[in-house]
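Trainee: Got a sequence here, can you build the structure:
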Amino acid sequence: MVAESLKELRHLLGNKQIGKWFSTWHGDGIIARSADHQTGSILREKGIPLVELLSNSDFDLDISENYNYLAELAVNHFWDRGFRNFAFFRADQTDWSKLRGDAFANKLLQKGNVTCHCCPLSNQKIRDHLLDNLIRSTDTFLSEWLLSLPKHVTILTAIDIHAFYILEACQNAGIAVPEEAAILGCGNDDLVCSLLSPQLSSIDLNSRMFGYTAAQLLEEKMNHPKKRFSPITINPSHVVVRQSTDIIAVNDPDVAQALRFIRDHFMEPIGISEIAESVTLTLRTLQRHFRDWLGRSPEAELTRVRLEHAKFLLRDTNIPVTSIGHRIGFSPPQYFMRVFRREIGMTPQQYRQKNQVTSQTIPYPPFIETNPPSQQQLPPMMLHQ
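Mentor: Now for the predicted structure:
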């Protein structure tokens, strides 16, 4: 049984009726997202094995996300595109929403003592995840807050529906997305992310891994009812890049063009010479411009882009490790493996074993995407001049 639906049933039947209905349900175990204390209490009164995925501090979580890793994905995604102004928006009172914002702000301080602008919504203005009342009553407030932010700002939101309404507020305020404000959600809800134009980039929270892990843990709890289990933390998967962040916010046109060339040709056997030729700069000048704007060399950026795609292929496809290096411009395979281990801190095989949901680690075959989401029906990358 998945227990989040109890909240909806309670609205329809009332607390007494839902308690009566639940008392007649004879199941063996529960996977729960207890949205409130009352739901969590009703579930635990059943006295059967339970795996908790959501609880708001009222009950211990069995499986939770790695908030620091989520923040790292968001910060690196923005930082690598040249952004240096950051904001965070949430419109609910959930613990996990606050934890995402706190982790984002802390990661920015670690990155370069950068301030995160948080939307000053009072508790009275916060409603539910759908934000219906918020948008109807405070749309002007959101627009004014967005207009008060620095130009070329990035905005991380707690969930995708928050990003949807921030995008709508930007359009109402005449703020161009992503040219003046880049927006990143959390959850990768395909429907929400595709409702408006530009489509929303989002962090994939690795929901499949959550589901498989929860099922495994529930089975373990049912088989070993007296055993104590340690909490499990799951890393978000990756940033799914869509139009709302698909921009390079670098005011140096040569660096922007070189970055565009790297992203267009990283799977080819290119090097520093080809990158320099694409912008008609000398090698020394190109190196200096990159270090001034990005703090790293063109070679390091090329390697970073290649390894990010390698991680996607290792995580979300079954392509043999020996073939991946060739696909992303590394040759021979031994060189790819050496560079991957040097930069990532583990071998490609170890990374795949740790991050991929496969039939070898769970009793169900995963749905494997053969192409990275960022390459599906996206326009060419926009360059901010």
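Trainee: Tell me, how many residues neighbour Val192?
Mentor: Counted with other C-beta atoms under 10 Å, residues neighbouring Val192 total 19. Heads up, the C-betas are built off the backbone N, CA and C, glycines and all.
Trainee: list the buried ones in stretch 165-181?
Mentor: The neighbour-count check on stretch 165-181 (16 or more other C-beta atoms under 10 Å) flags Tyr165, Ile166, Leu167, Glu168, Ala169, Cys170, Ala173, Ile175, Val177, Pro178, Glu180, Ala181 as buried.
Trainee: ok, the residue nearest to His289 when sequence neighbours are not counted - contacts?
Mentor: Distances taken as C-beta to C-beta, 6 or more residues apart in numbering put Val255 closest to His289, at 5.1 Å, once the chain neighbours are dropped. Counting by C-beta atoms under 8 Å, 6 or more residues apart in numbering, Val255 makes contact with His289, Phe290, Trp293, Leu294.
Trainee: one more time with 10 Å, if that's ok
Mentor: Residues counted as contacts of Val255 (C-beta atoms under 10 Å, 6 or more residues apart in numbering) are 82, 248, 279, 281, 286, 289-290, 292-294, 298, 301, 383.
Trainee: ok, now Met267?
Mentor: So Met267 contacts Val305, Arg306, His309, His326, Arg327, Ile328, Gly329, Phe330 (C-beta under 10 Å, 6+ apart).
Trainee: Grab the nearest non-local neighbour of Asp160.
Mentor: Closest to Asp160 by C-beta to C-beta, 6+ apart is Gly185, at 3.8 Å.
Trainee: Quick one, grab the pLDDT at that neighbour.
Mentor: Gly185 is assigned 97 on the pLDDT scale.
Trainee: ditto for Glu179
Mentor: Value listed for Glu179 in the pLDDT field: 87.
Trainee: which SS class is it?
Mentor: Glu179 carries the three-state label coil when classified by DSSP: H, G, I helix; E, B strand; the rest coil.
Trainee: Asp80 touches Leu294, doesn't it?
Mentor: Yes - the pair Asp80 and Leu294 qualifies as a contact (C-beta atoms under 10 Å) at a distance of 7.7 Å.
Trainee: Quick check on these two: which one has the bigger neighbour count.
Mentor: Leu294 (20 against 16).
Trainee: That one and Val75: what is the separation?
Mentor: 14 Å (C-beta to C-beta, to the nearest Å).
Trainee: Which neighbours do Asp80 and Leu294 have in common?
Mentor: In contact with both Asp80 and Leu294: Leu259, Glu301, Arg304, using C-beta under 10 Å, 6+ apart.
Trainee: Tell me which residues touch the first one, please.
Mentor: Leu259 is in contact with 80-82, 248, 250, 252, 275, 279, 290, 293-294, 298, 301-302, 305, 381, 383, counting by C-beta under 10 Å, 6+ apart.
Trainee: Now do the buried residues in the strand or helix carrying it.
Mentor: Following DSSP states H and E, one finds Leu259 within helix 253-265. Buried residues in helix 253-265, counted by 16+ other C-beta under 10 Å: Asp254, Val255, Ala256, Gln257, Ala258, Leu259, Arg260, Phe261, Ile262, Arg263, His265.
Trainee: likewise stretch 43-57?
Mentor: Leu43, Lys46, Ile48, Pro49, Leu50, Val51, Glu52, Leu53, Leu54, Ser55, Asn56.
Trainee: May I have it as CSV, with CA atoms only?
Mentor: Presented in CSV, the C-alpha positions along stretch 43-57 are these (Å, rounded to 0.1, in the frame of the first residue of the first chain):
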residue,chain,number,x,y,z
LEU,A,43,-0.3,4.1,9.7
ARG,A,44,1.8,3.2,12.6
GLU,A,45,-1.1,2.0,14.7
LYS,A,46,-1.5,-0.8,12.2
GLY,A,47,1.6,-2.4,13.7
ILE,A,48,2.9,-3.8,10.4
PRO,A,49,6.3,-3.2,8.7
LEU,A,50,6.4,0.4,7.3
VAL,A,51,9.0,2.3,5.1
GLU,A,52,8.7,6.1,5.6
LEU,A,53,9.8,8.3,2.7
LEU,A,54,8.5,11.8,3.6
SER,A,55,7.8,12.5,7.3
ASN,A,56,8.0,16.2,8.5
SER,A,57,10.1,15.6,11.6
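Trainee: Relative to the whole chain's centre, how far out is that stretch?
Mentor: 26 Å (C-alpha atoms, centre = their mean, to the nearest Å).
Trainee: Next, the residue nearest to Asp160: secondary structure please.
Mentor: Three-state call for Gly185 (three-state DSSP): strand.
Trainee: Look up how far Ser244 lies from the residue nearest to His289.
Mentor: On the measure of C-beta to C-beta, Val255 and Ser244 end up 22 Å apart.
Trainee: now His26
Mentor: In terms of C-beta to C-beta, His26 sits 47 Å off from Ser244.
Trainee: Go through the buried residues of helix 253-265 and name the one nearest Asp92.
Mentor: Arg263 (35.0 Å; C-beta to C-beta).
Trainee: Correct me if wrong: that closest one contacts Ile275.
Mentor: No - counting by C-beta under 10 Å, Arg263 sits too far from Ile275 to count as a contact (11.2 Å).
Trainee: list the residues that contact both of these two?
Mentor: With C-beta under 10 Å, 6+ apart, Arg263 and Ile275 have common neighbours Glu301, Leu302.
Trainee: what's the neighbour count on Ala158?
Mentor: Neighbours around Ala158, by other C-beta under 10 Å: 24.
Trainee: Name all residues that make contact with it.
Mentor: 88-92, 94, 96-101, 104, 129, 185-187.
Trainee: hang on, the earlier thing: so how far is the helix holding Leu259 from its chain's centroid?
Mentor: The answer for helix 253-265 is 24 Å, by C-alpha atoms, centre = their mean.
Trainee: Stretch 141-160 now?
Mentor: The answer for stretch 141-160 is 18 Å, by C-alpha atoms, centre = their mean.
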